[in-house]
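1. would you be able to build a 3D model of this:
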Amino acid sequence: MRTVLVTGPGGAGRTTVAAATALAAARRGRRTLLLTADGIPGFPEDTEPTEVTDGLWSARIDSGEHFRGELLALQDQASVVLDLLGGNRLDGEELTELPGSTQLALLHTLRRAAEGDWSRAGHDVLVVDLPPLREALALLALPEQLRRYLRRLLPPERQAARALRPMLAQLAGVPMPAQWLYEAAARRDAELAAVQALIEARDTTVRLVAEPGPAAEDALRTARTGLALHGLRVDALAVNRVLPRHSADPWFAELAAQQEKTVDHWYEEWAPDAALCEVPHLGRDPRGLDDLARLVPAADGPRGDDGLAGGLDGRGPGRADAPWWVESPGTPEGLDGLLPGARIVTTGPPPGDGDPVLVWCLPLPGAAKKDLQLVRRGDELLLTVGPFHRIVPLESGLRRCTVSGAALTDGVLRVRFTPDPGLWPRTG
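-> Sure, this is the predicted structure:
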């Protein structure tokens, strides 16, 4: 299933572009599902997939309903503990959603579309209207982070001691809640794994939406680093609310010229890695399917792009390649087996003396050295770039090495690893 994750700076019109993208896919004969938390004129408000027009369905994400359902279910699971503590149960009518419930509701909806009950409808294209850019990047990183927390707090191998729980329950005189806790953690991990697989799939890309101007330039420049850090691939930048060029009105002509200058800069910065699609300004907010259709050009865009309908074809199943690679002077013995699936770039013949140095490389366009922090802790690299943070597990080969240096050059972070003789003995 082709998945398009739509986001952009707040107020850029990402919901409108997401709806127009979904309509463009449907008009190309693709069964399309649009997920959004915001109301769209002319679209149903149902929280289950509902047909909008031929080939297009939409579902609205209700975070309040999801929060109440999840908390009531948790109460039922923890009933023994609550009764033991003398707790009074909460009713659904008195529950008000807490901060963070919107993100969890969106992840739950993505799981339903990826491999849950909604996936049985056989949609070809999934278009997701995400929160504003900074919040969207944090949301897309959340499944990986939550799964790591679950593994640290409730290690799966600890379940091997479950045979002792009946005896412990008799000694303590109360039922032991550990079993359902581990089972709940396993279910959550499976759900998060499905969402993470969807985000990391080769068929999934991010579509950015921005209104041309200085504020959007700064936001996109910062976000580009975060997108690279998390390995998120951008298929297009939708330049929204583009004014007509060559207006007779001097005031409009000056605004259009400022927009055109920004757009020219974006073409230089983003192309050819991502297509640029210019979406015209209608002079008012879109009010229905007819207005959305006007945002989808019937022919090629003004600079040869395919408009919002471009880039919606499938890219093949499977997981996308990791954004990093390993540079090696030659291939040290056993490296292929110690870096399974990793991209290994040979930079030259192996040195005659001393240990080979492996260089772990990650592109970070727009990153500045002053905003970069790198810490190795055990078998993980802790990376911080400005407001973005990621913990990367090292491949088994790099775990046998020590970090001997790091540098940020030409937009690429290069971390030098030297094999540890105690873990990676020299060979004759």
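2. residue contacts, residue 34?
-> By C-beta atoms under 8 Å, 6 or more residues apart in numbering, the residues touching residue 34 are 18, 19, 22, 43, 52, 56, 57, 58, 59, 127, 128, 129. In this view, the C-beta of every residue, glycine as well, is placed from N, C-alpha and C.
3. okay, it: pLDDT?
-> Listed pLDDT for residue 34 reads 97.
4. convert the C-alpha atoms of whichever helix or strand it is part of to PDB, please.
-> Using DSSP states H and E, residue 34 maps to strand 32-36. C-alpha atoms of strand 32-36 as PDB (Å, rounded to 0.1, in the frame of the first residue of the first chain):
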ATOM      1  CA  THR A  32      -7.700   5.700  -1.500                       C
ATOM      2  CA  LEU A  33      -8.200   6.200   2.200                       C
ATOM      3  CA  LEU A  34      -7.700   9.600   3.800                       C
ATOM      4  CA  LEU A  35      -7.100   9.900   7.600                       C
ATOM      5  CA  THR A  36      -7.500  13.300   9.300                       C
END
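5. strands paired with that strand, and their directions?
-> Its sheet considered, strand 32-36 pairs with strand 56-60 (parallel), strand 125-129 (parallel) by DSSP bridges.
6. of all these, which lies closest to residue 401?
-> Among the strands paired with strand 32-36, strand 125-129 comes nearest to residue 401, with 38.8 Å by C-beta to C-beta.
7. strands of the stretch 301-428 of the chain, start to end?
-> Ranges of strands within the stretch 301-428 of the chain are 325-328, 344-346, 358-363, 372-377, 380-385, 388-393, 401-409, 412-419, based on DSSP state E, counting those that start in this stretch.
8. can I get those strands in a markdown table with mean pLDDT, mean neighbour count and distance to residue 141?
-> Shown next, in a markdown table, are the strands of the stretch 301-428 of the chain (pLDDT from 0 to 100; neighbours: other C-beta atoms under 10 Å; distance: least, C-beta to C-beta, whole Å):
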| stretch | mean pLDDT | mean neighbour count | distance to residue 141 |
| --- | --- | --- | --- |
| strand 325-328 | 84 | 19 | 21 |
| strand 344-346 | 72 | 12 | 26 |
| strand 358-363 | 92 | 20 | 15 |
| strand 372-377 | 94 | 13 | 17 |
| strand 380-385 | 94 | 18 | 12 |
| strand 388-393 | 92 | 17 | 7 |
| strand 401-409 | 92 | 14 | 21 |
| strand 412-419 | 91 | 19 | 17 |
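9. format the ones you listed as JSON lines; extra columns: distance to residue 78.
-> As requested, these are exported to JSON lines (distance: least, C-beta to C-beta, whole Å):
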{"stretch": "strand 325-328", "distance to residue 78": "46"}
{"stretch": "strand 344-346", "distance to residue 78": "49"}
{"stretch": "strand 358-363", "distance to residue 78": "42"}
{"stretch": "strand 372-377", "distance to residue 78": "33"}
{"stretch": "strand 380-385", "distance to residue 78": "32"}
{"stretch": "strand 388-393", "distance to residue 78": "30"}
{"stretch": "strand 401-409", "distance to residue 78": "44"}
{"stretch": "strand 412-419", "distance to residue 78": "44"}
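10. closest one to residue 144 among the ones you listed?
-> In terms of C-beta to C-beta, the element of the strands of the stretch 301-428 of the chain nearest to residue 144 is strand 388-393, at 8.1 Å.
11. need the residues that contact the closest one.
-> 137, 141, 145, 148, 225-226, 229-230, 324, 379-383.
12. which strands or helices does the host helix or strand of residue 68 pack on?
-> Assessed by DSSP H and E, residue 68 sits inside helix 63-77. Where contact means 3 or more C-beta pairs under 8 Å, 6 or more residues apart in numbering; DSSP states H and E, helix 63-77 is packed against helix 101-114.
13. now do the helix it packs on: everything it contacts.
-> Applying C-beta under 8 Å, 6+ apart, the set of residues contacting helix 101-114 from outside is 1, 33, 35, 37, 59, 61-64, 66-67, 70, 118-119, 123, 126, 128, 130-131, 135, 138-139, 142-143, 191-192, 194-195, 197-198.
14. quick check: of the contacts of residue 34, which lies closest to residue 359?
-> Taking C-beta to C-beta as the measure, residue 359 lies nearest residue 128 of the contacts of residue 34, at 35.7 Å.
15. wait, residue 17 sits on residue 240?
-> Yes. Assessed by C-beta atoms under 8 Å, residue 17 is found in contact with residue 240 at 6.0 Å.
16. joint contacts of these two?
-> In contact with both residue 17 and residue 240: 8, 209, 279, using C-beta under 8 Å, 6+ apart.
17. okay, those residues in JSON lines with distance to residue 401 next?
-> Converted to JSON lines, the shared contacts of residue 17 and residue 240 look like this (distance: C-beta to C-beta, whole Å):
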{"residue": "8", "distance to residue 401": "40"}
{"residue": "209", "distance to residue 401": "42"}
{"residue": "279", "distance to residue 401": "48"}
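18. so where's the protein shaky on pLDDT?
-> 156-180, 297-306, 314-319, 330-342, 346-356, 424-428 (pLDDT under 70).
19. helices of that one, start to end?
-> 14-27, 63-77, 79-85, 101-114, 133-153, 165-172, 178-200, 214-229, 250-270, 289-294, 335-338, 396-399 (DSSP state H).
20. out of those helices, deepest packed?
-> Across the helices of the chain, averaging neighbours per residue (mean count of other C-beta atoms under 10 Å) puts helix 14-27 on top, at a mean of 26.
21. just checking, what packs against that helix?
-> Packing contacts for helix 14-27, counted by 3+ C-beta pairs under 8 Å, 6+ apart, involve strand 2-7, strand 32-36, strand 56-60, strand 125-129, strand 204-210, strand 234-242, helix 289-294.
22. now could you export just the CA positions of it as PDB?
-> Extracted in PDB, the C-alpha atoms of helix 14-27 (Å, rounded to 0.1, in the frame of the first residue of the first chain):
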ATOM      1  CA  ARG A  14      -1.600  20.700   4.900                       C
ATOM      2  CA  THR A  15      -5.200  19.300   5.500                       C
ATOM      3  CA  THR A  16      -6.400  20.800   2.200                       C
ATOM      4  CA  VAL A  17      -3.300  19.400   0.300                       C
ATOM      5  CA  ALA A  18      -3.800  16.000   2.000                       C
ATOM      6  CA  ALA A  19      -7.500  16.000   0.800                       C
ATOM      7  CA  ALA A  20      -6.500  17.100  -2.700                       C
ATOM      8  CA  THR A  21      -3.800  14.500  -2.900                       C
ATOM      9  CA  ALA A  22      -6.300  11.800  -1.900                       C
ATOM     10  CA  LEU A  23      -8.700  13.000  -4.500                       C
ATOM     11  CA  ALA A  24      -6.000  13.000  -7.100                       C
ATOM     12  CA  ALA A  25      -5.100   9.400  -6.300                       C
ATOM     13  CA  ALA A  26      -8.800   8.300  -6.500                       C
ATOM     14  CA  ARG A  27      -9.200  10.000  -9.900                       C
END
